[in-house]
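[1] this one's structure only:
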């Protein structure tokens with residue numbers, strides 16, 4: 001099979017999301033023996049686009065496959081005409097299949113994503129002593145959908161309960177290609193010399209109550225990292241948090257699970273296709289809450305106006321359940337590690353990028369055969385006429 005690689009996001013230097021998928025899929029397909037074409041001058045069977053729908057530009061006269069996703073209960077209206085220009089949609093999870101079938105009359109196939117098994121290796125962990133740091137890790141883009149605010153609320157509530165162990169740490173790792181978003185996410189770290197603890201002021205966070213001015217043990221890291229550095233960060237942690245409002249798949253959760261990290265996540269959307277209570281700590285007491293998609297446009301006067309492009313809904317985790325899960329992991333870490341080992345075994349057995357590439361090729365071959373048969377019938381009808 002010859003695939004025209006029409007993914008406009010290939011090569012963007014962001015650690016997560018579509019760029020990771022596009023780059024890893026490219027490598028896995030080549031390893032599988034698929035010929036990747038990057039010029040319209042060469043013959044190809046299908047044009048493959050791994051992009052968000054608004055960036056989708058179909059190749060005229062070709063069969064165009066749009067590999068995309070969305071994280072909420074409805075897609076922006078501006079996306080619908082773009083989506084309908086594709087010949088087939090491929091999405092990472094069953095939730096997305098059901099979502100896009102509301103807008104697209106053609107075939108919608110499911111192809112889960114994966115991990116790099118050589119990078120996100122399993123590591124043995126032990127529970128740190130009472131004077132050693134116990135790190136809860138959150139990784140995500142600098143936007144509220146990824147749930148960093150929910151993680152902070154849980155941290156506040158745990159602290160207020162008087163039951164938070166003194167050695168726990170919350171490590172927030174973010175990065176992005178839009179610097180102003182990262183800047184809004186960053187925090188200022190101050191040093192309380194008397195208490196000897198780090199105090200954190202969140203510039204735009206309205207969720208931290210004023211009567212709890214200090215949140216101990218919080219680190220924010222917005223550095224650009226290599227893949228090896230990212231893997232080392234997972235390996236350094238003791239538990240992983242992803243209380244996101246919506247995931248088309250959940251790459252960071254997959255990567256954390258692959259390393260054996262005990263994981264806590266919102267059990268809706270993409271994660272339901274690869275994670276459950278036998279391999280971690282799902283947050284099941286969520287409720288649907290508003291999820292607003294914001295956009296910005298520069299006017300003729302040069303000023304940038306921010307506006308709401310789309311209002312939809314996502315799954316908002318219950319703060320109380322999140323705190324209980326965090327405490328469960330800490331209090332019975334042997335059980336948490338046993339679940340983490342099972343999670344790692346599942347990821348490495350079934351959810352590698354090579355598995356994703358094999359499934360994708362099967363889908364493409366299936367529909368190439370169907371489309372070819374339909375064309376032959378249509379040509380035969382024309383000849384008979």
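    Perfect, thanks for sending it. This structure is a prediction, so every number in the text was calculated from the model and none was measured. Numbers count the residues shown, from 1 in each chain.

[2] which residues touch residue 170?
    Taking Cβ atoms under 8 Å, 6 or more residues apart in numbering as the criterion, residue 170 is in contact with 136, 138, 151, 152, 155, 215, 217, 218, 219, 241. To be clear about C-beta, it is placed using only N, CA and C from the backbone, and glycine gets the same treatment.

[3] most neighbours among those, please name it.
    residue 241 (35 neighbours; other Cβ atoms under 10 Å).

[4] wait, doesn't that residue sit right on residue 137?
    Yes: Residue 241 lies in contact with residue 137 (Cβ atoms under 8 Å); the separation is 6.9 Å.

[5] one step back: so which of the contacts of residue 170 are in helices?
    Per DSSP state H, helices hold the following members of these: 151, 152, 155.

[6] state the distance from the second one to residue 73.
    Remark: distance between residue 152 and residue 73 (Cβ to Cβ, to the nearest Å) = 25 Å.

[7] same question for the last one.
    Residue 155 is 28 Å from residue 73, where distance means Cβ to Cβ.

[8] same question, the first one
    Applying Cβ to Cβ, the value for residue 151 to residue 73 is 23 Å.

[9] low-confidence stretches in the stretch 51-200 of the chain?
    Flagging of the stretch 51-200 of the chain using pLDDT under 70 yields the residue ranges 176-200.

[10] quickly find the element holding residue 324.
    Per DSSP states H and E, residue 324 falls inside helix 319-331.

[11] work out the gap between whatever helix or strand comes next after that helix and the centre of the chain.
    Next along the chain after helix 319-331, taking DSSP H and E as the criterion, comes helix 333-350. Its chain's C-alpha centre lies 20 Å from the corresponding centre of helix 333-350 when counted by Cα atoms, centre = their mean, to the nearest Å.

[12] per-residue confidence averaged over helix 333-350?
    The average pLDDT for helix 333-350 rounds to 98.

[13] which residues touch it?
    115, 117, 120, 122, 125, 127, 238-239, 254, 257-263, 274-275, 278-281, 328-329.

[14] the residues you listed in helices, which ones?
    Filtering those for helices - DSSP H - leaves 254, 257, 258, 328, 329.

[15] got the contact list for the fourth one?
    Contacts were defined as Cβ under 8 Å, 6+ apart; by that measure residue 328 touches 281, 336.

[16] for it, give me the pLDDT.
    If you check residue 328, the pLDDT there is 98.

[17] that one and residue 63, how far apart?
    49 Å.

[18] same question, the last one
    Per Cβ to Cβ, residue 329 is found 47 Å from residue 63.

[19] the two: which is more packed in?
    The residue with more neighbours, out of residue 329 and residue 63, is residue 329; 27 against 20, by other Cβ under 10 Å.

[20] local confidence estimate at the spatially most central residue of the chain?
    With distances taken as Cα atoms, centre = their mean, residue 250 lies nearest the centre of the chain, 3.5 Å away. With respect to pLDDT, residue 250 scores 95.

[21] and what of residue 384?
    Reported pLDDT for residue 384: 67.

[22] same question for residue 372.
    Confidence score, pLDDT, at residue 372: 86.

[23] would you say it is within a helix?
    Yes: applying DSSP: H, G, I helix; E, B strand; the rest coil, one finds residue 372 inside a helix.

[24] any idea how far it lies from residue 361?
    16 Å.

[25] show me what contacts residue 255?
    With Cβ under 8 Å, 6+ apart, residue 255 has these contacts: 115, 120, 230, 231, 234.

[26] kindly report the domain assignment for this protein.
    For the chain, automatic domain parsing gives the domain ranges 2-114+352-384, 134-341.

[27] what about the last one, how long is it end to end?
    For domain 134-341, the first and last residues are 18 Å from each other (Cα to Cα, to the nearest Å).

[28] what's the offset of it from the middle of its chain?
    That offset, for domain 134-341, works out to 12 Å (Cα atoms, centre = their mean).

[29] for the stretch 151-300 of the chain, which segments count as helices?
    Per DSSP state H, counting those that start in this stretch, the stretch 151-300 of the chain carries helices over the ranges 179-185, 227-236, 251-258.

[30] out of these, the one nearest residue 356 is which?
    When the helices of the stretch 151-300 of the chain are compared by Cβ to Cβ, helix 251-258 sits nearest residue 356, at 10.6 Å.

[31] got the angle between that closest one and helix 333-350?
    Relative orientation of helix 251-258 and helix 333-350, computed by axes from the mean of the first three to the mean of the last three Cα atoms, to 10 degrees: 110 degrees.

[32] residue 372 and residue 361 - which one has more neighbours?
    residue 361 (18 against 12).

[33] contacting residues for the more buried one?
    Taking Cβ under 8 Å, 6+ apart, we find residue 361 in contact with 1, 29, 32, 34.

[34] check residue 66 too.
    Taking Cβ under 8 Å, 6+ apart, one finds 49, 51, 53, 56, 83, 86, 88, 89, 90 in contact with residue 66.
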